[in-house]
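*Asks:* Predicted structure and sequence below. I'll ask about it afterward.
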Amino acid sequence: MSNGRGRFQRGFTYLVAMFAVAIAGLLLAVTSEVSSHSRQREREKELLYIGDQFREAIALYYQRTPGAVKRYPEKLEDLLEDKRYLACSAT
């Protein structure tokens, strides 16, 4: 009779181990999903920050255009090196 009881205990232990593995897998999947969403939110924040910097630079370019007629930069490189003002040379 002890032989049958040992099989039951081994079967029960195996069943508990299978549930533990299933639960661990489920927890890993949930953690991975949360982590993925968190990384996505961080990337979106960074893109929004960069977009705001571009928007601000373009607005300043427009506001600081000399003369009465305001204009936007023709290309992004114009924001880096503003050639609208004449360089003053010391003679």
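*Replies:* Received the coordinates, thanks.
*Asks:* Can you classify residue 74 by secondary structure?
*Replies:* coil (DSSP: H, G, I helix; E, B strand; the rest coil).
*Asks:* Assign residue 85 to helix, strand or coil.
*Replies:* For residue 85, the secondary structure call by three-state DSSP comes out as coil.
*Asks:* Could you point out the longest helix of the protein?
*Replies:* In the chain, assigned by DSSP state H, the helix with the most residues is helix 2-63.
*Asks:* need the next SSE after that helix, C-terminal direction.
*Replies:* helix 77-80 (DSSP states H and E).
*Asks:* Pull out the C-alpha coordinates of that next one and format them as PDB.
*Replies:* Presented in PDB, the C-alpha positions along helix 77-80 are these (Å, rounded to 0.1, in the frame of the first residue of the first chain):
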ATOM      1  CA  GLU A  77      19.600  73.700 -41.100                       C
ATOM      2  CA  ASP A  78      18.500  77.400 -41.100                       C
ATOM      3  CA  LEU A  79      17.700  76.900 -37.400                       C
ATOM      4  CA  LEU A  80      21.300  75.900 -36.700                       C
END
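*Asks:* Let me see the mean pLDDT of it.
*Replies:* Regarding helix 77-80, the rounded mean pLDDT is 86.
*Asks:* Quick check: residue 18 vs residue 31, distance?
*Replies:* 20 Å (CB to CB, to the nearest Å). Every residue, glycine included, has its C-beta placed from N, CA and C.
*Asks:* I misspoke; the intended subject was residue 83.
*Replies:* 53 Å.
*Asks:* hmm, back to that, which strands and helices sit next to the longest helix of the chain?
*Replies:* Applying 3 or more CB pairs under 8 Å, 6 or more residues apart in numbering; DSSP states H and E, one finds that helix 2-63 makes contact with helix 77-80.
*Asks:* Show me which residues of the helix it packs on are buried.
*Replies:* By 16 or more other CB atoms under 10 Å, the buried positions in helix 77-80 come out as residue 78.
*Asks:* Could you name the helices and strands sitting against it?
*Replies:* helix 2-63.
*Asks:* Run through who's touching the lowest-mean-pLDDT helix or strand in the chain.
*Replies:* In the chain, the helix or strand scored least confidently by mean pLDDT, DSSP states H and E is helix 77-80, which has a mean of 86. Here helix 77-80 makes contact (CB atoms under 8 Å, 6 or more residues apart in numbering) with 54, 57, 58, 61, 73.
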